[in-house]
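**Student:** Fold the following for me, if possible:
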Amino acid sequence: MDNLITFSITVFTGFFAITNPISNMTVFLSLTQGADEDTKRDINKRANIIAFIIVTVFILLGKYIFELFNISIPAFKITGGILIFYIGFEMLQSKQSNVKSIKHVHIDENIAVSPLAIPILAGPGTIVTAMNFVSDVSTIQLFLVIAIFGSMSLLTYITFRISKYIVKIVGYNVISVIGKIMGLIIAIIGTGMIIEGIKISFDLIS
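**Tutor:** Residues are numbered from 1 along each chain as shown. Just a heads-up that it's a prediction; the model follows:
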């Protein structure tokens, strides 16, 4: 039971850092600027549902993807760790990750799919993080990861829903600081994945 609680906290922290609903709500506000409330609500709902479906598919089929492309778990952890570290490092440098870059987006409901669902909410970093959590776990843990990401999608929906009020209360500076803290957490998660991959490769795990 204690292991499941620890696992759940680790998964939630990882997803919260990589999806970063607080920072991403400013992106949502900029993409939907000028849209009416009904349109914003629809875009918000569709984006989070699509992101949840995408990540869930990778969680459920991750094992088969590994087998299909002959990907070893150590190689995945090391490569994924490097990618996640890079995203976190860019956030610490106050740069928007190239993985999540947004240019010349038209305000229409298609932005719910791209760029909101892909790659902002369900980008490579999120997918790699999700697949890392289920690379060698029990069935209970697998469905626990899906449930936790589902709760993150709901949290993101609520955050986007009240985003304009949050920005008015805390301001963009506080949101920027939160983004840097999330960047540090992401970089640490990436480093941990690399270390774990190296340990597995050289059979250093006791």
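**Student:** Could you check how far the closest residue in space to A187 that isn't next to it in sequence is from K40?
**Tutor:** Setting aside the residues directly before and after it, A187 is nearest to G88 in space (Cβ to Cβ, 6 or more residues apart in numbering), at 3.2 Å. Backbone N, C-alpha and C define where each C-beta goes, glycine included. Shown here: G88 relative to K40, a distance of 29 Å by Cβ to Cβ, to the nearest Å.
**Student:** Please say which of the two ends up with more neighbours.
**Tutor:** Neighbour count, other Cβ atoms under 10 Å: between G88 and K40, G88 has more, with 25 against 20.
**Student:** where does that one land on pLDDT?
**Tutor:** Per-residue pLDDT puts G88 at 81.
**Student:** With the one 5 residues further on instead?
**Tutor:** Among the per-residue scores, Q93 shows a pLDDT of 83.
**Student:** What of the one 10 residues further on?
**Tutor:** At K103, the pLDDT value in this model is 45.
**Student:** how many neighbours does I18 have?
**Tutor:** I18: 25 neighbours (other Cβ under 10 Å).
**Student:** Could you say which helix or strand holds it?
**Tutor:** helix 2-19 (DSSP states H and E).
**Student:** Please identify the buried residues of that helix?
**Tutor:** Neighbour counts using 16 or more other Cβ atoms under 10 Å place F7, V11, F12, G14, F15, F16, A17, I18, T19 of helix 2-19 among the buried residues.
**Student:** For the longest helix that the chain contains, the averaged confidence score.
**Tutor:** For the chain, the helix that runs over the most residues, judged by DSSP state H, is helix 163-201. Taken as a whole, helix 163-201 has an average pLDDT of 85.
**Student:** how far off helix 2-19 does it point, in degrees?
**Tutor:** 120 degrees (axes from the mean of the first three to the mean of the last three Cα atoms, to 10 degrees).
**Student:** now for helix 163-201, which elements pack on it?
**Tutor:** Under the contact criterion of 3 or more Cβ pairs under 8 Å, 6 or more residues apart in numbering; DSSP states H and E, helix 163-201 touches helix 2-19, helix 21-31, helix 73-92, helix 124-133.
**Student:** What residues of the longest one count as buried?
**Tutor:** By neighbour count on 16+ other Cβ under 10 Å, the buried set for helix 73-92 is 73-74, 76-78, 80-81, 83-92.
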